[in-house]
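1. Dropping a prediction and its sequence here:
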Amino acid sequence: MKVALLNAHTAYSPGAMQDLGGLPTSEYYWSNKINHQLLNIITENHPNNTSAIIDTSNIKPYNKSLNYKAFFVRKNDYDIVVETHLNSAIAPLATGIEVLYGKGKLESKTLASCLAASLSKTIPLKLRHGKGVIERKNLYILKAMPCPSVIVEILFLSNKIDKLYLMFPRAAEIIANGLYDGIKTYISNKGDV
């Protein structure tokens, strides 16, 4: 199964920014780091797989980069799309894992459920809104993709406790393993392993 791993935002429009142990970090930085770990895991376990990271940092303006992501997924016939994000909120206590899927897209909902369940077993954060799966109707990436697609909001950079988790030396690798296990569960449920 070909997985398109989408980086959140871009290097020039990095999304949420937080100080992490004296180092400023961005949503884009962590998304890119987690996706590279995830691609390594996929490649290690499936050497002939043609999954890839889609990074649109060289495309401006930002809305044009979103169009390119959808075009690239269609052109290369990916089977699933996972875009990794780290949430941020005005409320400093907002915490937990959310996986968003497009309105009425049942396969995307199934993928979202597999990823949410796997991440909740992998990292010590609760699922938001019950099972951590949220239907969204107005997010372009979720509407535009021709295959099951999700946006994974792994934790809240705006929450002091959530962001402390990123200070663990292997945090990106652990998160990537959780994502991989969720993808694997989704694929095995479809019988495509």
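-> Looks like it arrived, so ask away. Numbering: from 1, shown residues only.

2. buried stuff in the helix or strand bottoming out on mean pLDDT in the chain?
-> Among the helical and strand segments of the chain, the one scoring lowest on mean pLDDT, DSSP states H and E is strand 23-26, with a mean of 78. Of the residues in strand 23-26, those with enough neighbours to count as buried (16 or more other C-beta atoms under 10 Å) are 25-26. Any C-beta I mention is one placed from the backbone N, CA and C, and that applies to glycine too.

3. Strands along this structure, start to end?
-> Listed from the start of the chain, the chain has strands (DSSP state E) covering 3-7, 17-20, 23-26, 52-54, 80-87, 98-102, 133-136, 149-156.

4. Now for the residue nearest to residue 40 when sequence neighbours are not counted, how many residues are close by?
-> Counting by C-beta to C-beta, 6 or more residues apart in numbering, residue 176 is the residue found nearest to residue 40 once chain neighbours are left out, at 7.7 Å. Applying other C-beta atoms under 10 Å, we find 24 other residues in the vicinity of residue 176.

5. quick one, what contacts the spatially most central residue of the chain?
-> Here the mean C-alpha position of the chain is nearest to the C-alpha of residue 84 (C-alpha atoms, centre = their mean), at a distance of 2.0 Å. Residue 84 makes contacts with 5-8, 30-31, 34-35, 38, 152, 154, 179, as judged by C-beta atoms under 8 Å, 6 or more residues apart in numbering.

6. Where does pLDDT dip in this structure?
-> Counting by pLDDT under 70, the chain shows low-confidence ranges at 24, 191-193.

7. where's the residue in it sticking out farthest from the centre relative to residue 163, distance?
-> Ranking residues of the chain by C-alpha distance from their mean position (C-alpha atoms, centre = their mean) puts residue 22 at the top, at 25.1 Å. Counting by C-beta to C-beta, to the nearest Å, the gap between residue 22 and residue 163 amounts to 13 Å.

8. hang on, the earlier thing: so what sits opposite the residue nearest to the centre of the chain in the bridge?
-> With DSSP bridges applied, residue 84 shows beta-bridge pairing to residue 7, residue 152.

9. coming back round to it: which one of the contacts of residue 84 sits closest to residue 133?
-> residue 152 (10.7 Å; C-beta to C-beta).

10. picking up where we left off before, do you know how far the residue farthest from the centre of the chain is from residue 154?
-> 22 Å.
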